[in-house]
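Engineer: Please find the sequence and the predicted model below.
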Amino acid sequence: MGKTILVVDDSSIMRKMIKQTLMGAGHTVVGEAKSGDDAVALYRRLKPELVTMDITMRGMDGIAAAKAILAHDPGARVIILSNLDEDRFSKEAAQIGAKGYINKHKTAEILDLINRL
């Protein structure tokens, strides 16, 4: 059974690509956010089972947004999707409690992780 997912990315093109990938795999995208501030507000309102989070965004970045979501709900499942330095940011993602860090173009790996959560 698919999961309810909040997609967070400042790029509308990336949100669309991620959304199509997730929906094609049977998941339901319950919301989209283009900033960390929007992500935190939508998470609280929609209560999705999972969040895909970009790092680089205007205002509150993805790491800060993930921290805020996890502070509000320690059981939240956040996956960081980014093209940034994997060594640096995968460690930071793990330290804040994210469930994983994956390059946003590796759709098979993203879907595999989501299915395992």
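Structural biologist: Cool, the structure landed.

Engineer: residue closest to the middle of this protein?
Structural biologist: Closest to where the C-alpha atoms of the chain average out (Cα atoms, centre = their mean) is residue 52, at 1.4 Å.

Engineer: Determine whether the claim that it is in a strand is correct.
Structural biologist: Yes. The assignment for residue 52 by DSSP: H, G, I helix; E, B strand; the rest coil puts it in a strand.

Engineer: just the strands in the chain please.
Structural biologist: With strands called from DSSP state E, the chain shows them at 4-8, 28-33, 50-53, 78-82, 100-103.

Engineer: Can you lay out those as a markdown table showing mean pLDDT and distance to residue 65?
Structural biologist: From N, CA and C alone the C-beta is placed, and that goes for glycine too. Listed next are those as a markdown table, based on pLDDT from 0 to 100; distance: least, Cβ to Cβ, whole Å:
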| stretch | mean pLDDT | distance to residue 65 |
| --- | --- | --- |
| strand 4-8 | 98 | 7 |
| strand 28-33 | 98 | 8 |
| strand 50-53 | 97 | 6 |
| strand 78-82 | 94 | 9 |
| strand 100-103 | 91 | 15 |
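
Engineer: mind putting the ones you listed in TSV, distance to residue 68 included?
Structural biologist: Listed next are these as TSV, based on distance: least, Cβ to Cβ, whole Å:
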stretch	distance to residue 68
strand 4-8	12
strand 28-33	12
strand 50-53	11
strand 78-82	10
strand 100-103	18
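
Engineer: by how many degrees do the helix or strand of the chain with the lowest mean pLDDT and strand 78-82 diverge?
Structural biologist: Least confident helix or strand of the chain, by mean pLDDT, DSSP states H and E, is helix 86-96 with a mean of 82. Here the directions of helix 86-96 and strand 78-82 differ by 160 degrees (axes from the mean of the first three to the mean of the last three Cα atoms, to 10 degrees).
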